[in-house]
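Participant: Structure here, sequence nowhere to be found:
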């Protein structure tokens, strides 16, 4: 139902910050329309270009949703395209971060910020952020000992796992 009016693009915070690595939100909406169309036998032909052109750069400001005169949800379309890309095995910093986030939640019910960078960026790029990590440690935001002694699972972790599994089943 998108009429290509561009209202979503005019309000997008990511596009305001820089247009060079992100497409207009309605482009992702159109791509997702074709991916979800059962008559289209090549959904990855729409996912790959979206993935290569900033799919993971959305800043989740949701202005695209609040400004759409047709009440469409480009941010939801972006999320759905991300899910398809991740399930298809496409990998970048965004997909690795999402997978690491989910693994932490399933394991303990909370994020392990120390290992998150390692899982997302890898050892070399994480080491480049050493000074930043030292500042976080100094302010009590991270604890490097979590590499050795992991978090204990939160009370009710089984409930967290049940919710995640139910969400996965709902997507199928």
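Facilitator: Sure thing, it's come through. Note that the structure is a prediction, hence the values are computed from the model and not measured.

Participant: Please enumerate the helices of this structure.
Facilitator: For the chain, helices defined by DSSP state H occupy the ranges 7-11, 13-17, 25-36, 44-52, 63-67, 74-87, 93-108, 113-128, 130-138, 157-171.

Participant: Tabulate those helices (TSV), appending mean pLDDT.
Facilitator: Output for the helices of the chain, formatted as TSV (pLDDT from 0 to 100):
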stretch	mean pLDDT
helix 7-11	93
helix 13-17	87
helix 25-36	95
helix 44-52	96
helix 63-67	93
helix 74-87	95
helix 93-108	92
helix 113-128	90
helix 130-138	90
helix 157-171	90
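
Participant: could those helices go into TSV alongside mean neighbour count and distance to residue 148?
Facilitator: For the C-beta atoms, the positions are set from N, CA and C on the backbone; glycine is no exception. Listed next are those as TSV, based on neighbours: other C-beta atoms under 10 Å; distance: least, C-beta to C-beta, whole Å:
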stretch	mean neighbour count	distance to residue 148
helix 7-11	20	46
helix 13-17	15	38
helix 25-36	21	41
helix 44-52	17	36
helix 63-67	19	43
helix 74-87	20	30
helix 93-108	16	15
helix 113-128	15	10
helix 130-138	12	14
helix 157-171	11	21
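
Participant: Tabulate these (TSV), appending distance to residue 147.
Facilitator: Putting those into TSV (distance: least, C-beta to C-beta, whole Å) gives the following:
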stretch	distance to residue 147
helix 7-11	41
helix 13-17	33
helix 25-36	37
helix 44-52	31
helix 63-67	38
helix 74-87	26
helix 93-108	13
helix 113-128	6
helix 130-138	11
helix 157-171	21
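
Participant: chain center to stretch 147-160: distance?
Facilitator: Stretch 147-160 has its C-alpha centroid displaced from the chain centroid by 23 Å (C-alpha atoms, centre = their mean, to the nearest Å).

Participant: tell me how far the ends of that stretch are from each other?
Facilitator: Criterion C-alpha to C-alpha, to the nearest Å; first-to-last residue distance in stretch 147-160 is 23 Å.

Participant: buried stuff in it?
Facilitator: Buried residues in stretch 147-160, counted by 16 or more other C-beta atoms under 10 Å: 151, 157, 160.

Participant: any residues touching that stretch, and which ones?
Facilitator: By C-beta atoms under 8 Å, 6 or more residues apart in numbering, the surrounding residues in contact with stretch 147-160 are 105-110, 112, 114-115.
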